[in-house]
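Engineer: Sequence and predicted structure are below.
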Amino acid sequence: MCITFIETNPNPKNGEYRLIIASNRDEFYKRPSKQAFICPDTKIIGGRDLEENRENGMWLGLRVDEKKQILRFGCLLNVTGEEKNANVQSRGFIVPNYLKTKDSPILFFENLLKSGEFNAFNLVSVELNKKEVTTYFLSNTPNQVCKFSGEQTLGFGNSPINRPLTKVRNGRYKFKEIIQTSKSKEELKNALLKLLKSSEKNLPDPELQRRAPQAFEQLSSIYVDIKKMYGTRTHSIILVDKDWNIEFHEDTMDSPINPEDIIWKTSSIKSNL
């Protein structure tokens, strides 16, 4: 399970933001990963999967192209409760391939769906430039592409876009309220982090119960913790202010993770467009 909230505003006032993203990564604690960093070759910012045969896959990342003056963001969300096939391509390379491609988003999406089979996924992306901002939602369950232009407040999770989980709907409203009421960047970041750490159950949720009948109660909160073996292990907050200052903030469990003594590491990567 993962969850992502996005606010876009192509014409912010002083003190407002062009882009705000708050996202949780949920994964098995034993799966090795690397804390967010800037790749010196690709300039991609984000953490990396270190699982054998899936090295350098990504769940979330962004890339700033200073020459073209474009920020590109991508986030991968699995679709809960769908059949899994071990003999298909790894989904972890979808995000870095998207961030590196020279193709337009639509062309990349079309080629991705034609190129091979993957287990069920949702891909959320943002294209931000000096003129406009566009958010895309791509899924192979079923195949579809949705486009959201201009000022938007959006939430995405581990289900089809037309059947959002209750925690996605509820979280989106809280996300919007935090943005409207926060009076400083630090207040905003702290409030978003508190939202990402919320253990409140969002029930009832018939869609989640249908997709995960054995674990829907544990999965109904934004922050997930299941038997000290699986749960939320990374919080990511991305801010792009009116003056194009970019901050990628990450709180992540130090790997290897000891469920009896979890250590959180905080990092902040700054750039500009």
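Structural biologist: Noted; the coordinates are in hand.

Engineer: Touching the longest helix seen in the chain from outside, list them.
Structural biologist: Determined from DSSP state H, the single longest helix within the chain is helix 166-181. Residues outside helix 166-181 that contact it (Cβ atoms under 8 Å, 6 or more residues apart in numbering): 3, 5, 7, 17, 20, 22, 153-157, 159, 188, 191-192, 195, 198, 202-205, 207-208, 220-222. Bear in mind the C-beta positions are built from the backbone N, C-alpha and C, glycine included.

Engineer: Buried ones among these?
Structural biologist: Applying 16 or more other Cβ atoms under 10 Å to the contacts of helix 166-181, the neighbour count classes 3, 5, 7, 17, 20, 22, 153-157, 159, 188, 191-192, 195, 198, 202, 205, 207-208, 220-222 as buried.

Engineer: Output the residue ranges of the strands in the protein, listed in chain order.
Structural biologist: 2-8, 17-28, 33-38, 44-49, 60-65, 70-78, 121-129, 133-140, 143-149, 152-156, 225-226, 230-241, 245-253, 264-272 (DSSP state E).

Engineer: what about the last one, distance to the chain center?
Structural biologist: In this case it means strand 264-272. 16 Å (Cα atoms, centre = their mean, to the nearest Å).

Engineer: before we move on, the earlier item: what's the closest of the strands of the chain to Ile106?
Structural biologist: strand 143-149 (6.9 Å; Cβ to Cβ).

Engineer: Check which helices and strands the closest one is in contact with.
Structural biologist: If you count contacts as 3 or more Cβ pairs under 8 Å, 6 or more residues apart in numbering; DSSP states H and E, strand 143-149 packs onto helix 105-115, strand 133-140.

Engineer: ok, of these, where does mean pLDDT dip lowest?
Structural biologist: With a mean of 94, helix 105-115 has the lowest mean pLDDT of the helices and strands packed on strand 143-149.

Engineer: List the buried residues in that one.
Structural biologist: 105, 108-109, 112-113.
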